[in-house]
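1. Got a predicted model here, sequence first, then my questions.
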Amino acid sequence: MKRILQVILSITGITLPLFAIDVGQPAFNFKLNDDSNKTIQLSDYKGKWVVLYFFPKADTPGCTTQGKEYTKMYDKFTSSNAVVFGISTDGVEALKKFKEKYGFKHTLLSDPKGEVAKSYNVRVMFGLCSRDTILINPDSKVEKIYRGVDPGADPYKVLDYITSKKM
C-alpha cells in the first residue's frame, strides 16, 4: 500500500520520484533547451565539474540573487574546470529575458515538465522547482547534493567544495 501511495504522489509531483539518483551514482544524462533554444546534453561535459542549480521562477528576488552570484563567480568556476547551469521549469523565452536583463554569464536551461528536476530528487510543486543544487564530478557521477540552498551563499559553497577537491 505504501508503494502505491508513493507512486501516486510521485506522478502528481507532490513528492520525489521512486528511482531518483543519489550521491555516488552516475548522473542522469539529460537533453534540455537553453536560453537561446540550443539543445544542451549533459554527456557533452564529461571531464568537467557540472553545477546544476535548480531555481523556482525567473526574475524573482531569490532567483535573481542566485543568478547574480553565479555570474560574479563565473570566471572562478571556469578556471576550476566547472560549468554552471541554472535550471527551472520556465520556458526558453522567459529564461532568455531573465538572462539578458541581468547579464548572466552562465547558461539557463528550461525543464518545462520538471522531469530532469525530479530525476535529481528536486521537488517540483505547482510547476516550480525547489531551490537545490546538484554537483556532478568530472567522472559524471553525482558528487554532492545541496538542498534548500541560500541563494546568496550557494555559489560560494559549491566553488569552495570544487576547489577543495583539486588540492
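-> In hand now; what should we look at? Quick caveat, the model's predicted, so the values are computed rather than measured. Numbers count the residues shown, from 1 in each chain.

2. count of neighbours near the spatially closest residue to residue 112 that is not a sequence neighbour?
-> Sequence neighbours aside, residue 89 is the residue nearest to residue 112 in space, at 5.7 Å (criterion: CB to CB, 6 or more residues apart in numbering). C-betas here are computed from N, CA, C, even on glycine. A total of 23 residues lie near residue 89 under the criterion other CB atoms under 10 Å.

3. residue contacts, residue 89?
-> The neighbourhood of residue 89, defined by CB atoms under 8 Å, 6 or more residues apart in numbering, consists of 110-114, 117, 124, 127-129.

4. Can you tell me the SS state at the closest residue to residue 136 other than its chain neighbours?
-> Take residue 136 and drop its neighbours on the chain: the residue closest to it by CB to CB, 6+ apart is residue 50, 4.1 Å away. The three-state assignment at residue 50 reads strand, by DSSP: H, G, I helix; E, B strand; the rest coil.

5. Would you mind confirming that residue 50 makes contact with residue 81?
-> No - contact criterion CB atoms under 8 Å: residue 50 and residue 81 do not qualify, at 10.1 Å.
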